[in-house]
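S.K.: quick one: sequence and predicted model below, then my questions.
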2 protein chains.
Amino acid sequence: MLFHKIEEVRTEVLKWKKEGLTVGLVPTMGALHAGHLSLIKKAKETCDKVVVSDFVNPIQFGPSEDFDKYPRTLDADMELCSKEGVDIVFAPSADEMYGEGRRLSNDTLTYVCPPFFYVNTLCGKTRTGHFDGVCTVVLKLFNIVQPDYAFFGQKDAQQVIIIKKMVKDLNVPIQIIQCPIVREESGLALSSRNKYLSEQGKKDALVLSKILNNIKSCYEKGITDVEALKETAYSFLTDKHDMEYLEIVDRNTLENKTKADENSIALIACRVENVRLIDNIYLK
Amino acid sequence: MLFHKIEEVRTEVLKWKKEGLTVGLVPTMGALHAGHLSLIKKAKETCDKVVVSDFVNPIQFGPSEDFDKYPRTLDADMELCSKEGVDIVFAPSADEMYGEGRRLSNDTLTYVCPPFFYVNTLCGKTRTGHFDGVCTVVLKLFNIVQPDYAFFGQKDAQQVIIIKKMVKDLNVPIQIIQCPIVREESGLALSSRNKYLSEQGKKDALVLSKILNNIKSCYEKGITDVEALKETAYSFLTDKHDMEYLEIVDRNTLENKTKADENSIALIACRVENVRLIDNIYLK
C-alpha cells in the first residue's frame, strides 16, 4: 500500500498493533538500491509487518547541497517494495511532514539536536545542521509509525551511531537494528548518489574501499598508530580524489584515538567527479 | 505504587495497554499543591490509569537557579497521590534519567530544542536553555510512559505552548490537556515556589494577579493598545517588586502584537523577596 498521509499510516499500524503484530520501519530517502533491499529483507525476517518510508527530507540538506537533484524514483521504489512484500510505503509530501507555508529553520520548528561531540566531527563538520535534520525527521517517522524495530545501514555509520544515541538519550521505545554495508562486486559501497557518477567515476570511487581495506589489513598486521594507518591512504589518491576526511575513531562514541583497537572504525569521505561519497569499515 | 526505575513503569503500563486501558501522565517536579491536584483530578476523569512523575529535572535549571533548594516533598506527594487514586508515582533519580557519570550538556546529551521564536521571549529570555531542558525531559517522560494524554497547567503558559508545538512538530502521538490556573482565595497563583515567600511576601506577590486582572478589565472596557495596557501596571508596583517582564502576546504563537485581541494572553514575571514568580491571564 502506498500512503501519502500521516493519518493513513497511523490508522493502519493501529490495526496491526491491536492484532498484536510487530512492526518494522525502514526509513529511506527513496532511490532504493540493494543496500536498502538488505534492510527491507532484514525487517521482513524480524517483524510481522514492514513500513518503508520514502521521503527526501529537506531539513537535512544544506543550502548548497543536492536536495533538488537528489534522485526520486517512487515508481521503481514501489515495484521493489511490492516484490519484497513491504506492507506500507509511506511517501509524504514536505507539506505533510512540516506543514504548509513552513519555514524550515529552528526559528519556527522544534528540532532534535544530537550531542555536539557526536556532530562536530566527520560528516557533521562540513554538513552543518545535517544531523539535526536527520534526528528530527527520524523521530517524526518513529512517532508517526511507532514501530517496534527500525533498520539502518552501517554505510551511514555516523548517522546510525547518532540515532542510537538519540534513542538512548530520549528513551525512545524502539530497537535499532544496524545492517552491514552492501557493496558492488568491485567493492564500491552502494549509495543513491552513485547514480551521479560516470563509468570512469565509479572506477575512481573504488579508492575509498581500497583505502579502508588496506587500513584494516595493516591493522591486522599489527600497526595500531592511527596517524601511521591514515598515512597509508596517500598512495591511493590521485587528482580525481578530493578527500574530505579519513578518520579512525571509536565505533560507539566517535571519540578520537591515537591507537586503533578492536572497537575502532575507519571512516572516509571523498569527492569524485564532485560527488560526495562516504564509506567505512570496522577494523575488527 | 511508587516506582523509581524506568523499566518498572514500562512493564506496568504495557500491562494496562494490553487490557485496552487509556493512560494519563501528569509530569511534575513534586512539591505538589492544589494546582497539581487539579491536573490529577482531570487526568482521573479522562483516563483509566494515571501516572504522576515526580522529578526535579536538573537540565532545566540554570547554574544560578534554585535546583538545590527546590522543595522536595516525596512523602507528602505520595500521600496526596494515593488519596487521589493515582496508579503510579514515578520518581526516578537523575542517574536513572540521564545515566551515571553524566555531563548534562549538549556536548554529550541529545536535546529537544523548541523553536527560537518560542524561546527567545518571556521566561526563555532570562532562563537560557530552560525550555530545551523542559522539552527534553518531557519527551523522555512521554517515551517512558507512552500515555494517551498528558496534563499541563496554564500557570506555565509558555511551557505548555512550547510543549504543544513540540508535540505537533515531532508528531508525538499524545494529546495535551491544558488545565486552568488554580489560585489562592487572595488571587495568588499556586506555585511550588510560593513556599519561599514570607507572609508579607505573599501579600506583595498579589500584585501579579492584580496587574493581570486590571489589564483584562481595561481590555474589556475597550483599550486594545498593548503599550497602554502594559502601562496600567506601574501604579501597582512598589520597591518590593522586581519586574522581569510584562507582555501581551498571541496565546498560541507568542507573537508580539501592538493591539490586543481575543487571542491575546498577558503574562508577567516578577521577583518578590528574590523569588521569581510568574502568572498569566487570557484577555478573553
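M.R.: Looks like it arrived, so ask away.
S.K.: residue contacts, A:Ile278?
M.R.: Under the criterion of C-beta atoms under 8 Å, 6 or more residues apart in numbering or on different chains, the neighbours of A:Ile278 are A:Cys123, A:Lys155, A:Asp156, A:Ala189, A:Ser191, A:Leu208, A:Leu267, A:Ile268, A:Ala269, A:Cys270. Quick note: C-beta positions are derived from backbone N, CA and C, even for glycine.
S.K.: cutoff 7 Å now
M.R.: Residues counted as contacts of A:Ile278 (C-beta atoms under 7 Å, 6 or more residues apart in numbering or on different chains) are A:Cys123, A:Ile268, A:Ala269.
S.K.: doesn't the last one lie inside a strand?
M.R.: Yes. Counting by DSSP: H, G, I helix; E, B strand; the rest coil, A:Ala269 is located in a strand.
S.K.: which SS state does the residue lying closest to it once chain neighbours are set aside fall under?
M.R.: Residue nearest to A:Ala269 in three dimensions, not counting chain neighbours: A:Glu244, with 4.0 Å by C-beta to C-beta, 6 or more residues apart in numbering or on different chains. Three-state call for A:Glu244 (three-state DSSP): strand.
S.K.: separation between A:Glu244 and A:Glu185?
M.R.: Distance, A:Glu244 to A:Glu185, by C-beta to C-beta, to the nearest Å: 26 Å.
S.K.: between these two, which one's more packed in?
M.R.: Using other C-beta atoms under 10 Å in any protein chain shown, the more surrounded residue of A:Glu244 and A:Glu185 is A:Glu244, with 16 against 5.
S.K.: which of the contacts of A:Ile278 sits closest to B:Asp279?
M.R.: Nearest to B:Asp279 among the contacts of A:Ile278, counting by C-beta to C-beta, is A:Cys123 at 46.7 Å.
S.K.: and A:Val86, what are its phi and psi?
M.R.: phi -60, psi 140 (degrees, to the nearest 10).
S.K.: is it true that it touches A:Val52?
M.R.: Yes. Using C-beta atoms under 7 Å as the test, A:Val86 is close enough to A:Val52 to be in contact (5.0 Å).
S.K.: circling back to that earlier point, model confidence score at the residue nearest to A:Ala269, please.
M.R.: On pLDDT, A:Glu244 comes in at 96.
S.K.: now do A:Gly101
M.R.: 58.
S.K.: average pLDDT for stretch A:73-81, rounded please.
M.R.: On average, stretch A:73-81 scores 97.
S.K.: contacts for that stretch next, please.
M.R.: Residues contacting stretch A:73-81 (C-beta under 7 Å, 6+ apart): A:Leu2, A:Gly30, A:Ala31, A:Leu32, A:Leu37, A:Val52, A:Asp54, A:Val89, A:Ala91.
S.K.: what comes up buried for that stretch?
M.R.: Within stretch A:73-81, the residues scored as buried using 16 or more other C-beta atoms under 10 Å in any protein chain shown are A:Thr73, A:Asp77, A:Met78, A:Leu80, A:Cys81.
S.K.: would you list the contacts of A:Ile278 in a markdown table and tack on neighbour count and pLDDT?
M.R.: Output for those, formatted as a markdown table (neighbours: other C-beta atoms under 10 Å in any protein chain shown; pLDDT from 0 to 100):
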| residue | neighbour count | pLDDT |
| --- | --- | --- |
| A:Cys123 | 21 | 94 |
| A:Ile268 | 24 | 98 |
| A:Ala269 | 22 | 97 |
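S.K.: ok, the residues you listed vs B:Thr238, which is closest?
M.R.: A:Cys123 (57.4 Å).
S.K.: mind listing what the closest one touches?
M.R.: So A:Cys123 contacts A:His130, A:Gln158, A:Ala269, A:Ile278 (C-beta under 7 Å, 6+ apart).
S.K.: how far away is it from A:Gly129?
M.R.: Taking C-beta to C-beta, one finds A:Cys123 at 12 Å from A:Gly129.
S.K.: wait, A:Ile211 sits on A:Ile268?
M.R.: Yes. Counting by C-beta under 7 Å, A:Ile268 is a contact partner of A:Ile211 at 6.0 Å.
S.K.: quick one, what contacts A:Asn252?
M.R.: A:Ile161, A:Asn263.
S.K.: kindly indicate whether it is helix, strand or coil.
M.R.: Going by three-state DSSP: A:Asn252 is coil.
S.K.: ok so, going back, higher neighbour count, A:Val86 and A:Val52?
M.R.: A:Val52 (27 against 21).
S.K.: what is the neighbour count of A:Glu227?
M.R.: 8.
S.K.: wait, a helix at it?
M.R.: Yes. Assignment of A:Glu227 by three-state DSSP places it within a helix.
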